[in-house]
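Trainee: this one's structure only:
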């Protein structure tokens, strides 16, 4: 089992980034994946998920972020397109299973997103 997120960086407010994740292990499915964010000094929160073919977004990112991905043999490739970024989107982004399927004790490598004002 391995989770590895990438694609973060420093961007100005209003800019865009595309995050990618490779989730390796037969326990992962594109129909049960999520992107989580941990802002400085705050708890990790779910920002987007795919569950049973439907996508869900937190209120703070709805309309600006898009989650997508696909399955390969024992691997899920997950993406998060982030547009109209705001300073409050700053944080470390992680991929994992959706809340019903997440490995809560293992988060793998996250990717840091910093949005400057």
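Mentor: On my side now, so go ahead. Fair warning: this is a prediction, and the values are worked out from it, not measured in the lab.
Trainee: CA atoms for contacts and neighbours, from now on please.
Mentor: OK.
Trainee: what's the separation between residue 37 and residue 72?
Mentor: Here the distance between residue 37 and residue 72 works out to 25 Å (C-alpha to C-alpha, to the nearest Å).
Trainee: neighbour count: these two, which is higher?
Mentor: residue 37 (23 against 11; other C-alpha atoms under 10 Å).
Trainee: quick one, grab the pLDDT at that one.
Mentor: Residue 37 carries a pLDDT score of 98 in this model.
Trainee: same question, residue 73
Mentor: Among the per-residue scores, residue 73 holds a pLDDT of 89.
Trainee: just give me the neighbour total for it.
Mentor: 8.
Trainee: and it, its phi and psi?
Mentor: phi -60, psi 110 (degrees, to the nearest 10).
Trainee: what's the answer for residue 67, then?
Mentor: phi -100, psi 140.
Trainee: please name the nearest non-neighbouring residue to it.
Mentor: residue 80 (4.6 Å; C-alpha to C-alpha, 6 or more residues apart in numbering).
Trainee: got it, and residue 61?
Mentor: residue 47 (6.8 Å).
Trainee: check contacts around the one you found.
Mentor: Contact analysis of residue 47 by C-alpha atoms under 8 Å, 6 or more residues apart in numbering lists 34-37, 57-58, 60-61.
Trainee: apply 7 Å and report the result again.
Mentor: By C-alpha atoms under 7 Å, 6 or more residues apart in numbering, the contact set of residue 47 is 35-37, 57-58, 61.
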